[in-house]
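**Q** Have a look at this fold, sequence not included:
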């Protein structure tokens, strides 16, 4: 395992029936990096993310987090390892029958290591971190806008004070203004909390605003793992389509303006 790697994937092979989605994927994410995972439709980006958090297992290969194999050790040791990462799913994945406060407090309540009063205090703190009013705590998911759902889901992902944050299409479904605001929030929290972040995205504005490195998933492997500027020099059809269109050039220009 690389000395400072938070995530280490080696030789990952994923099959669905006779279809091979990943064929020898290697990826190492260092502490403090913000890595954008991009690729064409059906390239297996979200599937790779699911392997990282243990929702699915690859047919072959190994996944390690924080220097240890994902499934190594006792159930208690595996649980402790999982508490070190948080996940924001694409559509929020909030429990529809629970209030906002109950959704955010759910991981804390499941662990049974803090009192109800402490859970209420932590929920209030997380709501403030994602810039939502305290009154939001009593709302149901059905009462929330798309942007609010993303923020509540982010608050839940941060409930256990994780070191690693995994984001699946964090700005999907948001209009440009709400998308920019949410990206700004993620960037601010990453800096405040010292998070390592891996995000799956198809949105080049999100990528250009957040990512320190870009991992391109193509041809069933990690084709390139480099800075955005280096990635754009790659001679490959996906890079040409994704990065060199008008939208891509504008996003990179804005990144340069911001320094």
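**A** Structure's in. What do you need? All values reported here derive from a predicted model rather than from experimental measurement. Residues are numbered from 1 along each chain as shown.
**Q** residue boundaries of the strands in the protein?
**A** Under the criterion DSSP state E, the chain carries strands at the ranges 5-16, 19-30, 34-39, 60-65, 68-69, 85-88, 164-168, 196-200, 213-218, 221-226.
**Q** give the contact list for residue 31.
**A** Taking C-beta atoms under 8 Å, 6 or more residues apart in numbering as the criterion, residue 31 is in contact with 4-6, 163, 196. C-beta here means a position set from N, CA and C on the backbone, and glycine is covered the same way.
**Q** List only buried entries from those.
**A** Taking 16 or more other C-beta atoms under 10 Å as the criterion, what is buried in the contacts of residue 31 is 5-6, 163, 196.
**Q** coming back round to it: using pLDDT, spot the least trustworthy of the contacts of residue 31.
**A** Taking these together, the minimum pLDDT is found at residue 4 (68).
**Q** Nearest spatial neighbour of residue 38, chain-adjacent residues omitted?
**A** Closest residue to residue 38 in three dimensions, ignoring its sequence neighbours and counting by C-beta to C-beta, 6 or more residues apart in numbering: residue 216, at 5.9 Å.
**Q** got the contact list for the one you found?
**A** With C-beta under 8 Å, 6+ apart as the criterion, the residues that contact residue 216 are 38-39, 222-225, 231, 234, 236, 238-239.
**Q** what about residue 49, how many residues close to it?
**A** Here the number of neighbours of residue 49 (other C-beta atoms under 10 Å) works out to 21.
**Q** could you list every residue that touches it?
**A** Neighbour list for residue 49: 37, 166, 168, 198, 200 [criterion: C-beta under 8 Å, 6+ apart].
**Q** mind running it again at 7 Å?
**A** Listed by C-beta atoms under 7 Å, 6 or more residues apart in numbering, the contact partners of residue 49 are 166, 168, 200.
**Q** just the residues you listed now: which is nearest residue 93?
**A** The nearest member of these to residue 93, counting by C-beta to C-beta, is residue 168 at 9.4 Å.
**Q** and the residue nearest to residue 5 when sequence neighbours are not counted, what are its bridge partners?
**A** The spatially closest residue to residue 5, leaving aside those adjacent along the chain, is residue 28, at 4.8 Å (C-beta to C-beta, 6+ apart). The bridge-partner assignment for residue 28, based on DSSP bridges, gives residue 8.
**Q** could you measure residue 192 against residue 198, distance?
**A** Residue 192 is 18 Å from residue 198, where distance means C-beta to C-beta, to the nearest Å.
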